[in-house]
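Colleague: Provided below are the primary sequence and the corresponding predicted coordinates.
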Amino acid sequence: MRFQTPLVPARLIRRYKRFLADVTLEADGREVVAHCPNPGSMMGLAESGMRVWLEPNDDPKKKLKFGWRLVEMPDGHWVGIDTGVPNRVVKEALLAGKVSELSAYQAVRPEVRYSTGSRIDFLLSEPGLPDTYVEVKNVHLKRRARLAEFPDCVTERGAKHLGDLSKMIAEGHRAVMLYLVQRTDCDCMQLARDLDPGYGSVFDKARSAGVEILCYDTRISREGVTLGASLPVLEPM
């Protein structure tokens with residue numbers, strides 16, 4: 001997935017109201033408001049002074065002319081904060097057969113209605129195989145070296161999605177929860193059970209019911225984000 005326009009660097013002043021961020025553009029020192037496409041806590045990624053990368057736009061329908069896409073960490077690693085990116089990355093990877101566990105499927109349909117008031121991120125189908133329901137989650141929390149965690153705050157919506165996937169298993173389908181780590185400095189993932197014990201409980205039930213758990217990292221640059229390698233999901237410590 002390539003960004004539509006070249007990203008520009010800035011320094012974060014503050015993030016507020018969840019979806020807004022004040023930044024100072026490095027090129028000319030202007031202070032502008034950027035859209036922050038992330039409803040989570042963004043723990044460790046929204047500190048004043050951080051170097052961030054924005055995607056400019058000239059769309060007259062958009063009030064804000066910059067969208068926050070990346071954080072450049074002090075050690076040179078990248079973190080993607082846009083929660084809309086994972087679905088785009090995974091869609092490209094599914095269509096190209098790069099998710100090995102799902103490469104047998106040719107038909108990839110996004111945003112299909114299912115369960116109660118929900119849309120599955122991707123419904124995969126192939127003659128002779130069970131329909132597969134795939135939900136994608138963005139992961140960018142890191143509190144310990146090399147370890148990515150999900151979620152970064154309480155997510156009732158995320159717990160509902162796990163329950164919906166469990167229902168698909170009960171109906172005879174295949175169901176997959178795919179965690180996409182938008183960081184370049186992690187090589188494994190674990191649930192942040194201390195931040196959302198309820199999610200951890202539903203996760204355990206879903207996995208016991210047969211929901212498959214996949215995790216992949218990403219390759220991130222100023223040009224775009226693509227699927228990386230499969231990562232292990234660690235058991236609770």
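Modeller: Noted; the coordinates are in hand.

Colleague: Going by C-alpha atoms from here, please, whenever you check contacts or count neighbours.
Modeller: OK.

Colleague: Would you map out the domains in this structure?
Modeller: The chain breaks down into these domains under automatic domain parsing: 8-80, 85-230.

Colleague: Report the central residue of the chain.
Modeller: Nearest to the mean C-alpha position of the chain, by C-alpha atoms, centre = their mean, lies N138 at 1.7 Å.

Colleague: roughly how far apart are that residue and T218?
Modeller: 11 Å (C-alpha to C-alpha, to the nearest Å).

Colleague: got any residues that touch both of the two?
Modeller: Shared contacts of N138 and T218 (C-alpha atoms under 8 Å, 6 or more residues apart in numbering): L180, V181, Q182.

Colleague: Tabulate those residues (a markdown table), appending neighbour count and distance to S166.
Modeller: A markdown table is the format used below for the shared contacts of N138 and T218 (neighbours: other C-alpha atoms under 10 Å; distance: C-alpha to C-alpha, whole Å):
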| residue | neighbour count | distance to S166 |
| --- | --- | --- |
| L180 | 27 | 20 |
| V181 | 31 | 23 |
| Q182 | 30 | 26 |
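
Colleague: Adding distance to K205 and secondary structure, write those out as a markdown table.
Modeller: Converted to a markdown table, the shared contacts of N138 and T218 look like this (distance: C-alpha to C-alpha, whole Å; DSSP: H, G, I helix; E, B strand; the rest coil):
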| residue | distance to K205 | secondary structure |
| --- | --- | --- |
| L180 | 21 | strand |
| V181 | 23 | strand |
| Q182 | 26 | coil |
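
Colleague: For M73, state which of these is nearest.
Modeller: Closest approach to M73 among the shared contacts of N138 and T218 (C-alpha to C-alpha): Q182, at 12.7 Å.

Colleague: ok, for the closest one, nearest residue in space, not its chain neighbours?
Modeller: Setting aside the residues directly before and after it, Q182 is nearest to G80 in space (C-alpha to C-alpha, 6 or more residues apart in numbering), at 5.0 Å.

Colleague: what do you get for K65?
Modeller: Nearest non-adjacent residue to K65 (C-alpha to C-alpha, 6+ apart): N57, at 5.2 Å.

Colleague: pLDDT wise, what is that neighbour at?
Modeller: pLDDT, N57: 94.

Colleague: One more: the one 5 residues further on?
Modeller: Note for K62: predicted pLDDT of 87.

Colleague: one step back: out of the domains of the chain, which comes closest to P236?
Modeller: Of all the domains of the chain, it is domain 85-230 that lies closest to P236, at 7.3 Å by C-alpha to C-alpha.

Colleague: what mean pLDDT does the closest one have?
Modeller: 97.

Colleague: I'd like the distance from that domain to the chain centre, please.
Modeller: Centroid separation for domain 85-230 versus its chain: 9 Å, with C-alpha atoms, centre = their mean, to the nearest Å.

Colleague: Quickly note the distance from L94 to K167.
Modeller: Distance, L94 to K167, by C-alpha to C-alpha: 23 Å.

Colleague: Name the residue in these two with the higher neighbour count.
Modeller: L94 (23 against 17; other C-alpha atoms under 10 Å).

Colleague: Pull the longest helix seen in the chain out as CSV, backbone CA atoms only.
Modeller: Ranked by residue count under DSSP state H, the longest helix found in the chain is helix 156-170. Output in CSV follows, covering the C-alpha atoms of helix 156-170 (Å, rounded to 0.1, in the frame of the first residue of the first chain):
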residue,chain,number,x,y,z
GLU,A,156,-15.9,-3.4,23.5
ARG,A,157,-16.1,-3.3,19.8
GLY,A,158,-13.1,-5.6,19.5
ALA,A,159,-14.6,-8.0,22.0
LYS,A,160,-17.9,-8.0,20.0
HIS,A,161,-15.9,-8.9,16.8
LEU,A,162,-14.4,-11.9,18.5
GLY,A,163,-17.9,-13.1,19.6
ASP,A,164,-19.1,-12.6,16.0
LEU,A,165,-16.3,-14.8,14.7
SER,A,166,-17.1,-17.5,17.3
LYS,A,167,-20.7,-17.5,15.9
MET,A,168,-19.4,-18.2,12.4
ILE,A,169,-17.5,-21.2,13.7
ALA,A,170,-20.7,-22.5,15.3
